[in-house]
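# what's the 3D shape of this:
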Amino acid sequence: MKMKLLMIKTYFTLSSVLNPEKAAKQSFDLFQKVRKKEVRRREVPFYQETRHFKVSSGKEPIHCFEMGDPNGPLVFLVHGWDSNAGSLSMFASRFADLGYRVIAFNLPGHAYYQSASTNLIECRDAMRDVVDFIDPKEPFSVVSHSFGSAVAANAFANSERQIDKMVFLTNPNRMEDIFEEFKEMIGLTRRAYRFLVKNTAQLVGGPVEMLDVSTNLKKVNFDKLLLIHDMDDQVLPYANSFAINSDHQNVQLIRMEKIGHYKMLWNDEVIGRTTAFVAGKEVY
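The predicted structure follows:
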């Protein structure tokens, strides 16, 4: 893996100098690439136990999964980048046992789709299509992990949908921070990076700041938001949640240690706090 990354960085460092526009286009394609499509063994039972259905959206119909009481309070689960709906199977099962109606879905480009690339805009639109298909008449809740938290914030910005509880199991915040990290990782020159940002702005229809999580949360109708983040998260810095907690009202931040970025999804304490919060209980 390190050798592959070194080869990629060497290529883009040279390509950025020789042809920055081409390097920007190729890096944009790489940025949208989903690297892990396989479903892990412990995630397989989720697909065996849920009711499957599809919702029309974009390039391919969205693969959706339902479990629990069809008449129970509704909760949507949104997985992260390089993952799949089965990664949230422990949350799905716990909510189902508590009488909730659980709706999860695979983001475009992930798991069983033919495509292996996507972006925040496609995923945002996919979530909107899934929610519109379900068309809840009452307030509902949303539990999201990592990149899925950015998807949720963008999907419900400027929406008339009323969300009861939201839970972000880690989250990004400023999209420019992610682009800057990507630039350094693959060795883009500053000039090529400017082309990359320009290409992204054209896709977004405005500056990349339009996708920032905190910015979009200000346009979401939610009652309360819970942030759970490991202080030493190696994928998304804890500072992201700290900033969001500082910027908004009706937000609670739980700082944890040694739960990791991915392992947290199988952590009983995290699952318990999440389900209790959605149920309207006090959590600490």
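# pLDDT below threshold where in the stretch 51-200 of the chain?
Scanning the stretch 51-200 of the chain for pLDDT under 70 picks out nothing.
# how about the helices of it, start to end?
In the stretch 51-200 of the chain, helices defined by DSSP state H, counting those that start in this stretch lie at 89-97, 120-134, 147-156, 175-186, 190-204, listed in chain order.
# please name whichever of those helices is nearest to F105.
In terms of Cβ to Cβ, the element of the helices of the stretch 51-200 of the chain nearest to F105 is helix 120-134, at 5.3 Å. In this view, the C-beta of every residue, glycine as well, is placed from N, C-alpha and C.
# how far off centre is that closest one?
Here the centre of helix 120-134 is set off from its chain's centre by 12 Å, with Cα atoms, centre = their mean, to the nearest Å.
# packing partners for that helix?
strand 51-55, strand 62-68, strand 74-78, strand 101-105, helix 147-156 (3 or more Cβ pairs under 8 Å, 6 or more residues apart in numbering; DSSP states H and E).
# what helices or strands is the second one leaning on?
In other words, strand 62-68. Judged by 3+ Cβ pairs under 8 Å, 6+ apart, the packing partners of strand 62-68 are helix 44-49, strand 51-55, helix 89-97, strand 101-105, helix 120-134.
# so what strands line up beside that strand?
Paired strands of strand 62-68, with direction, are strand 51-55 (antiparallel), strand 101-105 (antiparallel) (DSSP bridges).
# of these, which stretch is the most buried?
Highest mean neighbour count of the strands paired with strand 62-68: strand 101-105, a mean of 25 (counted as mean count of other Cβ atoms under 10 Å).
# for V235, give me phi and psi.
phi -100, psi -50 (degrees, to the nearest 10).
# contacting residues around it?
Counting by Cβ atoms under 8 Å, 6 or more residues apart in numbering, V235 touches S146, T170, H261, Y262.
# related to what we said a few turns ago, of all the helices of the stretch 51-200 of the chain, which one comes closest to K2?
Nearest of these to K2, taken as Cβ to Cβ: helix 175-186 at 12.0 Å.
# which residues are contacting the closest one?
Among residues not part of helix 175-186, those counted as contacts by Cβ under 8 Å, 6+ apart are 5, 8-9, 12, 27, 30-31, 120, 150, 172, 188, 193, 196-197, 200, 208-209, 211-212.
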